[in-house]
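>>> Just a sequence and a predicted model for now, questions to come.
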Amino acid sequence: MVRKPAKMYRSISKKAYTRREYMGGVPGSKIVQFEMGNLSQEFPTEVDLIVEEACQIRHSALEAARITVNRRLMKEVGRSNFHFKVRVFPHHVLRENKQATGAGADRVSEGMRLAFGKAVGTAARVAPNQKILTVYSTPQYLEKIKDALNHGGHKLPTPSHLKVSEIKVSGRIVAAPKLVGEKVVAAPVVEEAAAELAKAAEAPAKGGKAGATGKGAAAAAAKAEPVKAEEKKGAAHGPSHGKGGKDKK
């Protein structure tokens with residue numbers, strides 16, 4: 001069956017259908033992952049891609065937008081300097097009453113009116129002014145993030161715009177790492193976080209020193225044993241050689 005154009009499934013009509021347990025053969029979602037980048041750090045700047053119209057966005061369109069944005073962020077910003085998130089999930093199951101194709105199919109392809117149809121894909125139903133994609137980062141990469149999200153918005157079946165906002169971060173705050181040539185310089189850590197890290201590092205350091213001294217003593221003892229053995233052998237052979245010399249004389 002030839003895939004039909006996406007505009008057939010763009011507009012919202014009828015109720016959403018999400019009860020997959022009552023219908024078999026629902027195609028899997030093409031979206032590979034929903035969160036990318038640095039997931040362990042908090043960033044003070046949030047950039048959202050917001051849709052302007054209510055529509056249905058197919059899973060293939062969401063994956064195309066995700067790939068476009070993620071590739072540009074990885075190339076221009078770097079994996080450790082952003083947190084990218086897809087904020088919608090394709091719950092709605094798209095159904096289609098497939099018709100016969102080929103010569104003479106117009107006689108038999110009418111079928112029932114309002115047929116239930118067969119599952120052909122999934123889509124996410126979005127409302128006006130809803131956030132679809134979000135990128136968290138630092139202000140120095142703002143222009144590059146806006147460019148990446150604008151390119152991702154071209155993959156969606158609705159007009160969109162961006163919104164930039166500041167976030168109050170809490171907990172361990174680490175500044176974005178700086179690039180010096182091709183090397184990444186470690187980012188400065190807040191004093192409180194640095195004190196906690198120092199305390200945590202003291203305990204394993206002490207254990208490591210003790211283990212090192214124990215290993216060093218064992219190695220020294222192992223080296224000393226063959227030396228002692230050689231001395232004993234030399235002491236045993238020494239008098240016999242001396243006696244032999246006296247006998248020869």
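Alright, I've got the coordinates.

>>> Please count neighbours and contacts with C-alpha atoms only from this point.
OK.

>>> my guess is residue 136 contacts residue 79, does it?
No. In terms of C-alpha atoms under 8 Å, residue 136 does not count as a neighbour of residue 79; the distance is 11.8 Å.

>>> Compare those two (neighbour count), which wins?
More neighbours surround residue 136 than the other of residue 136 and residue 79, with 27 against 16 (other C-alpha atoms under 10 Å).

>>> mind checking how far that one is from residue 153?
Per C-alpha to C-alpha, to the nearest Å, residue 136 is found 17 Å from residue 153.

>>> How about residue 92?
Per C-alpha to C-alpha, residue 92 is found 21 Å from residue 153.

>>> the more surrounded of the two?
Between residue 92 and residue 153, residue 153 has the larger neighbour count (other C-alpha under 10 Å), namely 27 against 21.

>>> okay but the more buried one is in contact with residue 66, surely?
No. Between residue 153 and residue 66 there is no contact under C-alpha under 8 Å: 9.7 Å.

>>> Show me what the mean pLDDT comes to for stretch 145-161.
Summarised as a single mean, pLDDT over stretch 145-161 is 95.

>>> Hmm, residue 121 and residue 25 touching each other?
No. If you go by C-alpha under 8 Å, residue 25 and residue 121 don't touch, sitting 9.7 Å apart.

>>> Name the residue in those two with the higher neighbour count.
The residue with more neighbours, out of residue 25 and residue 121, is residue 121; 21 against 10, by other C-alpha under 10 Å.

>>> Okay, and the more buried one sits in which element?
According to DSSP states H and E, residue 121 maps onto strand 118-126.

>>> For that strand, give the mean pLDDT please.
Rounded mean pLDDT across strand 118-126 is 92.

>>> do stretch 132-140 as well
95.

>>> List the contacts of that stretch.
The contact list for stretch 132-140 (C-alpha atoms under 8 Å, 6 or more residues apart in numbering) reads 42-51, 81-88, 145, 149, 176.

>>> So in that sheet, which strands flank the strand holding residue 121, and in what orientation?
Paired strands of strand 118-126, with direction, are strand 55-58 (antiparallel), strand 92-96 (antiparallel) (DSSP bridges).

>>> any idea how far residue 163 is from residue 118?
Note on residue 118: its distance to residue 163, by C-alpha to C-alpha, is 39 Å.

>>> These two: who's more crowded?
When neighbours are counted by other C-alpha under 10 Å, residue 118 and residue 163 differ, and residue 118 comes out ahead with 16 against 12.

>>> surely that one meets residue 98?
Yes. If you go by C-alpha under 8 Å, residue 118 and residue 98 touch, sitting 7.3 Å apart.

>>> Okay, helices next: where are they in the protein?
Secondary structure of the chain, counting by DSSP state H: helices at 59-76, 142-153, 191-248.

>>> Go through the first one and flag the buried ones.
Put plainly, it is helix 59-76. 59-66, 68-70, 72-73 (16 or more other C-alpha atoms under 10 Å).

>>> repeat for the shortest one
The neighbour-count criterion (16+ other C-alpha under 10 Å) identifies 142, 145-146, 148-150, 152-153 as the buried residues of helix 142-153.

>>> Residue 49 and residue 165 touch, don't they?
No. Counting by C-alpha under 8 Å, residue 165 is not a contact partner of residue 49; they are 11.8 Å apart.

>>> Comparing the two, which residue is more hemmed in?
Higher neighbour count among residue 49 and residue 165: residue 49, with 24 against 10, using other C-alpha under 10 Å.

>>> so that one bridges to which residues?
Counting by DSSP bridges, residue 49 is bridged to residue 133, residue 162.

>>> Next, the contact list for it, please.
By C-alpha under 8 Å, 6+ apart, the residues touching residue 49 are 131-134, 149, 153, 160-163.
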